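Undergrad: What follows is a predicted structure for the sequence shown.
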Amino acid sequence: MKLKIHRGANQIGGNIIEIAAGTTKIILDCGRNLPPLDSPKAADPIQIEGLTQGESAYDAVFVTHYHADHCGLIDRVNNDIPIYMSRETKTVLNIISDFINSPLPRTAQILEHGKTVIIDGIKILPFSVKHSAKGAMMFLVESDEKKVLYTGDFNYIDPAYYPMLNNVDILLCEGTNIGAKSGKTEQEVEAEAARIMSQTNGQVFVLCSTTNIDRIIAIEKACRKSGRTMAIDPFMEAITDKIAHMLIHNPVGFVPHYINEKDTPRSYKYLANNFQSFCGAEAISKMTSLTFMVRQTMGEFLKRLDKLSPLAGSTLIYSIWKGYEDTVLTKKFLDTCRSLGMNIEYLHASGHVYREQLEYAIAHLKPAALIPIHTENAGCFREMHDNVVMLEDGHSYDIAR
């Protein structure tokens, strides 16, 4: 069995990994490069012969989760190559495409936790893991009596629950946060958010990813603790209804942007299905003790709210990666909040594993060799394992040796 990192060995995002056994070849993740922060539409020029162009030479593509740096190139994969992903990943990608009116993603086969898929002699066993993407998975790949465990992105795993993952030949491990010993947990975010909400006299707004279900649940629990009601837009309602509807209790709906059946029919259907539960700016401005889930594109909506009911003294909880603060879109949104007299509180927990838990996982998994990926600090892994293989993009590694 051979392993090849087409991309991702020394960077965060853009993962594309090849596993080959005999004449069978599969791809683990097909990620788009993370764009420069202020260039969200930057082109990703990568082409792989037999995968994205030319006669197909791969037997399947397996996607760990719905973040674009792991699945953003699946629309380029040759049509005759099957794609596998979790049900949650497929659902979220379909909803996103409806709201941005992009072509629907490729039809995908559904992966289930603990259920092996066999592709011409290569066995792929998917495991559900905690990450900021619901339905994220890691893959145990086996062939020729050799095993590779590819972590994808993860926040936490207890190897004691998965003894079959121990003593693999290769641990292909992400290291986004390897430079940081530890960080906040979702439970700590929940507790701090509840405190902030309780101490805020006006409305509360939370800037976070619409698809970060763990964060949304943490904020919703904080709302209940502080006596507030969560307010969500049609996009978040569609996401939570499909993959977290039992965990979000009686939210209020609001419409921040104009949606109509003629111009945006695909997103309008989500609004139409729940029309009675959504309010415009005027109606929602009369409600008190709300926690609005917002995005950087909602600055004009905040201005409309402010004219109806001044937002001075309200609080914005900034709950995304702090680096986004330097982008034009986020800076503009934050400037709008400040101009309206809103307070800004920073409160975030990473979806990626920190060094302390990573050390624990590696010590218990006991891989024969460790290959870093999805990191800008690969050398740090040498302090955690005595057989770290630094594999460069485009280079292959023979697992039999």
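TA: Right, received. Where do you want to start? Residues are numbered from 1 along each chain as shown.
Undergrad: make it CA atoms for all contacts and neighbour counts henceforth
TA: Will do.
Undergrad: Count the residues that sit near residue 302.
TA: Close neighbours of residue 302, defined as other Cα atoms under 10 Å, add up to 20.
Undergrad: SS state for it?
TA: Following DSSP: H, G, I helix; E, B strand; the rest coil, we place residue 302 in the helix state.
Undergrad: Residue 266 now?
TA: Once three-state DSSP is applied, residue 266 turns out helix.
Undergrad: Please shift the residue numbers so they start at 50 in all later answers.
TA: Got it, first residue is 50 now, which makes that one residue 315.
Undergrad: tell me the contacts of it?
TA: 147-148, 150 (Cα atoms under 8 Å, 6 or more residues apart in numbering).
Undergrad: Please tell me I have it right and residue 350 contacts residue 303.
TA: No - assessed by Cα atoms under 8 Å, residue 350 is found out of contact with residue 303, at 10.1 Å.
Undergrad: Now render the contacts of residue 315 as TSV, adding pLDDT.
TA: Formatted as TSV, the contacts of residue 315 follow (pLDDT from 0 to 100):
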residue	pLDDT
147	93
148	91
150	87
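Undergrad: Of those residues - the most surrounded one?
TA: For the contacts of residue 315, counting by other Cα under 10 Å, the largest number of neighbours falls to residue 147: 20 neighbours.
Undergrad: phi, psi of it?
TA: Here is the backbone geometry of residue 147 (degrees, to the nearest 10): phi -70, psi -40.
Undergrad: mind checking how far it is from residue 292?
TA: Per Cα to Cα, to the nearest Å, residue 147 is found 16 Å from residue 292.
Undergrad: burial measure for residue 372, as a count.
TA: Residue 372 has 9 neighbours, counted by other Cα under 10 Å.
Undergrad: Just to be sure, it is in a strand?
TA: No - the assignment for residue 372, made by three-state DSSP, is helix rather than a strand.
Undergrad: mind checking how far it is from residue 196?
TA: As for residue 372, its distance to residue 196 is 37 Å (criterion: Cα to Cα).
Undergrad: same check, this time on residue 274
TA: Applying Cα to Cα, the value for residue 274 to residue 196 is 46 Å.
Undergrad: who has more neighbours, the two?
TA: residue 196 (22 against 16).
Undergrad: Bridge partners for the more buried one, pull those for me.
TA: Following DSSP bridges, residue 196 is listed with bridge partners residue 191.
Undergrad: Next, the contact list for it, please.
TA: Contacts of residue 196 were listed using Cα under 8 Å, 6+ apart, and they are 189-190, 217-219.
Undergrad: Quick check: closest non-adjacent residue to residue 339.
TA: Once flanking residues are discounted, residue 339 sits nearest to residue 278: 4.9 Å by Cα to Cα, 6 or more residues apart in numbering.
Undergrad: How about residue 195?
TA: Excluding its sequence neighbours, the residue lying closest to residue 195 (Cα to Cα, 6+ apart) is residue 218, at 6.2 Å.
Undergrad: which ones are touching that neighbour?
TA: Counted by Cα under 8 Å, 6+ apart, residue 218 has contacts 195-197, 416-418, 448.
Undergrad: I'd like the distance between it and residue 52.
TA: Residue 218 is 12 Å from residue 52, by Cα to Cα.
Undergrad: Can you work out which residues contact both of these two?
TA: Joint contacts of residue 218 and residue 52 (Cα under 8 Å, 6+ apart) are residue 448.
Undergrad: which regions of this protein sit below the pLDDT cut-off?
TA: Within the chain, the ranges that satisfy pLDDT under 70 run 84-91, 294-295, 323-325, 450.
Undergrad: Can you list the residue ranges for helices in it?
TA: Assigned by DSSP state H, the chain shows helices spanning 117-120, 136-148, 235-248, 262-275, 283-292, 314-322, 330-334, 348-357, 377-388, 404-414.
Undergrad: Would you check how far apart the residue positioned nearest the centre of the chain and residue 399 are?
TA: By Cα atoms, centre = their mean, the mean C-alpha position of the chain lies nearest to residue 182, the distance being 3.8 Å. Distance of residue 182 to residue 399, given as Cα to Cα: 11 Å.
Undergrad: Equivalent analysis for residue 217, please.
TA: Using Cα to Cα, we find residue 217 at a distance of 27 Å from residue 399.
Undergrad: Any idea how many residues pack against residue 310?
TA: For residue 310, the count of nearby residues is 12 (other Cα under 10 Å).
Undergrad: Now do the contacts for residue 184.
TA: For residue 184, the contact set (Cα under 8 Å, 6+ apart) comprises 114, 135-138, 177-178.
Undergrad: how about those residues in JSON lines, adding distance to residue 317 and neighbour count?
TA: As requested, the contacts of residue 184 are arranged in JSON lines below (distance: Cα to Cα, whole Å; neighbours: other Cα atoms under 10 Å):
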{"residue": "114", "distance to residue 317": "26", "neighbour count": "28"}
{"residue": "135", "distance to residue 317": "26", "neighbour count": "24"}
{"residue": "136", "distance to residue 317": "23", "neighbour count": "18"}
{"residue": "137", "distance to residue 317": "22", "neighbour count": "20"}
{"residue": "138", "distance to residue 317": "22", "neighbour count": "25"}
{"residue": "177", "distance to residue 317": "32", "neighbour count": "19"}
{"residue": "178", "distance to residue 317": "33", "neighbour count": "22"}
